[in-house]
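[1] sequence plus the predicted model coming up.
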Amino acid sequence: MSEANVTAPMRLLYITTVDATAGDSLIAASSRINIGVLSRDFDVSLAVVGPVTTTALNRLRLDLGPTRVTGAFEPSKADRPIDRSLRRLSLKLLGTNMVSARLQAAIERKAEDFQAVIIDHVLAWPYRPAKIAGTVCFTPKAWFADTEPNTNLLTRLLVPKIVDYELAIGADTDTIITPPELAMQLSERGVPLSKLQPSFSRPASSRPSVDEVTFPRTANRIGYVGYLGDDQNTASLLWFLDNVWSLCADTLP
């Protein structure tokens with residue numbers, strides 16, 4: 001096969017945050033896995049939010065395989081406070097409650113180079129570029145929960161909750177990749193089911209496509225669940241296919 005016939009890999013921007021508990025690994029294990037797997041099939045650029053050195057960024061590039069990495073910018077007068085609901089969490093995890101204007105600018109300058117952006121932490125959301133084809137969020141279990149529970153009733157009433165901010169992310173993003181048990185919670189809290197999917201998949205004989213990775217595959221689906229080792233369940237399924245499925249297919253092709 002000639003080089004002209006080889007499809008160029010999709011270009012992704014992956015934004016994550018420093019994880020203070022990760023030690024020399026710098027970022028969470030789940031983030032490292034995501035980046036390493038994606039880098040096999042996509043052209044991945046990585047942006048790291050939080051206190052990091054250039055040496056550590058280079059180590060991430062060598063370890064995980066992203067094409068480019070950025071971060072490690074000094075604070076500037078253009079930095080702005082992060083959303084009120086995230087300030088305590090940002091101060092606790094990153095040592096600052098400011099959004100880096102220099103990192104934002106670096107991401108924005110290259111935004112048109114990417115076909116999708118992937119975000120895997122609530123504190124990375126403020127750095128998403130304004131113009132991007134699609135946004136995919138990986139949701140670790142810490143998302144969609146108050147990671148800083150308040151015991152004082154007055155504080156609970158007056159301080160914006162992280163969960164509200166995260167639900168706004170759910171409304172704005174295109175796809176949320178999340179474990180099935182968390183998907184149920186998100187759906188109950190108002191995140192559209194069509195945005196939720198359990199994983200990204202890769203066809204065995206080709207590279208992943210935009211459709212498989214960045215668009216939902218759960219809308220307008222009908223499923224039938226049962227143990228088919230049971231004769232009554234099997235008979236029930238056959239009845240369903242003969243009497244219900246054909247009618248559904250005719251009504252909603």
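    Nice, I can see it.
[2] tell me if F73 really is in a strand.
    No - under the criterion used here (DSSP: H, G, I helix; E, B strand; the rest coil), F73 is coil, not part of a strand.
[3] can you tell me the closest non-neighbouring residue to it?
    If the residues on either side of it in the chain are set aside, F73 comes closest to R102, at 3.8 Å by C-beta to C-beta, 6 or more residues apart in numbering. Using the backbone N, CA and C atoms, a C-beta is placed for each residue, glycine as well.
[4] list the buried residues of the helix or strand in which that neighbour is found.
    Element membership for R102 (DSSP states H and E) is helix 101-109. Across helix 101-109, burial judged by 16 or more other C-beta atoms under 10 Å covers R102, L103, Q104, I107.
[5] helices or strands next to it in the packing?
    Applying 3 or more C-beta pairs under 8 Å, 6 or more residues apart in numbering; DSSP states H and E, one finds that helix 101-109 contacts strand 43-49, strand 68-70.
[6] circling back to that earlier point, looking at the buried residues of helix 101-109, which is nearest A168?
    Q104 (18.6 Å; C-beta to C-beta).
[7] list phi and psi for D174.
    phi -90, psi -40 (degrees, to the nearest 10).
[8] model confidence for the residue lying closest to it once chain neighbours are set aside, exactly?
    Of all residues beyond its chain neighbours, the one nearest D174 is G134 (4.6 Å), with distances taken as C-beta to C-beta, 6+ apart. Note for G134: predicted pLDDT of 81.
[9] how close does G134 get to S100?
    Distance, G134 to S100, by C-beta to C-beta, to the nearest Å: 24 Å.
[10] those two - which one has more neighbours?
    S100 (24 against 17; other C-beta atoms under 10 Å).
[11] burial measure for the residue nearest to the more buried one when sequence neighbours are not counted, as a count.
    Distances taken as C-beta to C-beta, 6+ apart put F73 closest to S100, at 5.4 Å, once the chain neighbours are dropped. Using other C-beta under 10 Å, F73 has 15 other residues around it.
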